[in-house]
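> would you be able to build a 3D model of this:
(2 chains)
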2 protein chains.
Amino acid sequence: MPKLWNSTVEQHRHTVHAAILDATAALIAEHGLAVNMSQIAAHVGIGRATLYKYFPDVQAIVAAWHERQVTAHLDHLTSVAAQHQDPGERLRTVLSTYLRLSSTGTHTGHGNHGGGPAAQLATALHQASHMPAAHQRLRELVTAVIAGAADAGVARTDVPTDELATYCLHALAAAAALPSPGSHERLLEVTWAGLLPPR
Amino acid sequence: MPKLWNSTVEQHRHTVHAAILDATAALIAEHGLAVNMSQIAAHVGIGRATLYKYFPDVQAIVAAWHERQVTAHLDHLTSVAAQHQDPGERLRTVLSTYLRLSSTGTHTGHGNHGGGPAAQLATALHQASHMPAAHQRLRELVTAVIAGAADAGVARTDVPTDELATYCLHALAAAAALPSPGSHERLLEVTWAGLLPPR
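Residues are numbered from 1 along each chain as shown, chains lettered A, B, ... in the order given. Okay, the predicted model is just below:
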């Protein structure tokens, strides 16, 4: 088994794969979702036949791009959580980062209906909740961070931590329906108040 | 213009219309969404040709049924709000009623994917947020009730009331992802804490 050769081929495949996702995201951001395989191949600088060796259609590319985005966001959240020693700060930072990541590109008004490429991408991103594995990882991360804050007396202990995580993720999703960045700060404040030990 | 005759015809149409919605809801609850126009006509006790004078297809009937449900829920919420003089009690009751109405039939587990007729109906109900007029009426009702509670010093005044309404509706939507009725009580408590004046 020529291991080195294998790894080089693997690396090349990986590079092309990533370039296809980047090109598709760029084309969609510019032209909307009505892009086709020929445009994508031209943008990457590969032949159409080669592109089809990687993906059967545009939808599959968008799905792969989407999965990459969600995974990157989850990795980022995980590293943000690891950077904070104080359980309260850690929770606060994870929630504000999640709010920012999940509302990026969606603060164009109420809901994400119609509109330009940004809104279309936002709609695609919204489907993150339909990726069971990613959603599960997100819930587990937020649940663990809340549990740490509860142990430290910062978060309430009268409600199970996984229920508090479900509450947080739903409440913060309201950001997509709130127009201004100022309203996002306030949403974080209000959601946070729900997590505190009862008076 | 034979007014009486007109009103009788109108009343008859209304009765048949309602019977079609009832029959369709009953058939879907029993058999799932795979019902057809012949089954519905037979269940109502009218001919297929008559049914087609009312609705072009099953989808249109489900949409009309759905709109009727949502309107009935909104009417109920409005009357619940009117029954309470105390602004804090009014807000509390409106939120708990909304939580109960919006999670009816959805406490079958996490999300509403797959599953039986109840889950399918729940999915249809979830699309309430895509009925702009109904959603607007809901937001206005909750915003007004929160404003009353804010004036009375029960709810916080440092966040605009329409933002608090958006927060509430999103946070309470978490009920669909929470399994037990006990968790719904706790969700109400947590969401409520977010609405209180800051400490």
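
> list phi and psi for A:V35.
Dihedral pair for A:V35: phi -100, psi 150, per degrees, to the nearest 10.

> could you identify the helix or strand that succeeds the longest helix along chain A?
Counting by DSSP state H, the longest helix found in chain A is helix A:3-31. From helix A:3-31 onward toward the C-terminus, using DSSP states H and E, the following helix or strand is helix A:37-44.

> report the buried residues of that next one.
By neighbour count on 16 or more other CB atoms under 10 Å in any protein chain shown, the buried set for helix A:37-44 is A:37, A:40-41, A:43-44. Backbone N, C-alpha and C define where each C-beta goes, glycine included.

> format those as a markdown table; extra columns: distance to chain B and pLDDT.
Listed next are the buried residues of helix A:37-44 as a markdown table, based on distance: CB to the nearest CB, whole Å; pLDDT from 0 to 100:
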| residue | distance to chain B | pLDDT |
| --- | --- | --- |
| A:M37 | 30 | 96 |
| A:I40 | 30 | 97 |
| A:A41 | 35 | 97 |
| A:H43 | 34 | 95 |
| A:V44 | 34 | 96 |
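
> how many neighbours does the closest residue to A:H17 other than its chain neighbours have?
Residue nearest to A:H17 in three dimensions, not counting chain neighbours: A:Y54, with 6.1 Å by CB to CB, 6 or more residues apart in numbering or on different chains. Each residue near A:Y54 was counted by other CB atoms under 10 Å in any protein chain shown, and the total is 19.

> low pLDDT regions in chain A?
A:1-4, A:104-130 (pLDDT under 70).

> on the three-state scheme, the spatially most central residue of it is what?
Geometric centre of chain A, nearest residue: A:V70, 3.5 Å, by CA atoms, centre = their mean. Assigned by DSSP: H, G, I helix; E, B strand; the rest coil, the conformation of A:V70 is helix.

> ok, back up a step: list the helices and strands the longest helix of chain A packs on?
Other helices and strands packing on helix A:3-31, by 3 or more CB pairs under 8 Å, 6 or more residues apart in numbering or on different chains; DSSP states H and E, are helix A:37-44, helix A:48-54, helix A:58-82, helix A:117-126.

> tell me which of the ones you listed sits nearest to A:R92.
Proximity to A:R92 (CB to CB) singles out helix A:58-82 among those, at 10.6 Å.

> list the buried residues for that closest one?
Applying a neighbour-count criterion of 16+ other CB under 10 Å, one finds A:58, A:61-62, A:64-66, A:69-70, A:73-74, A:77, A:80-81 buried in helix A:58-82.

> would CSV of the helices and strands packed on helix A:3-31 with distance to A:G88 be doable?
Below are the helices and strands packed on helix A:3-31 laid out as CSV (distance: least, CB to CB, whole Å):
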stretch, distance to A:G88
helix A:37-44, 46
helix A:48-54, 45
helix A:58-82, 13
helix A:117-126, 29
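
> for chain A, what lies in contact range of chain B?
Counting by CB under 8 Å from any CB of the partner chain, chain A comes close to chain B at A:129-130, A:156, A:158-160, A:163-164, A:166-167, A:169-174, A:177-178, A:183, A:186-187, A:189-196, A:198-199.
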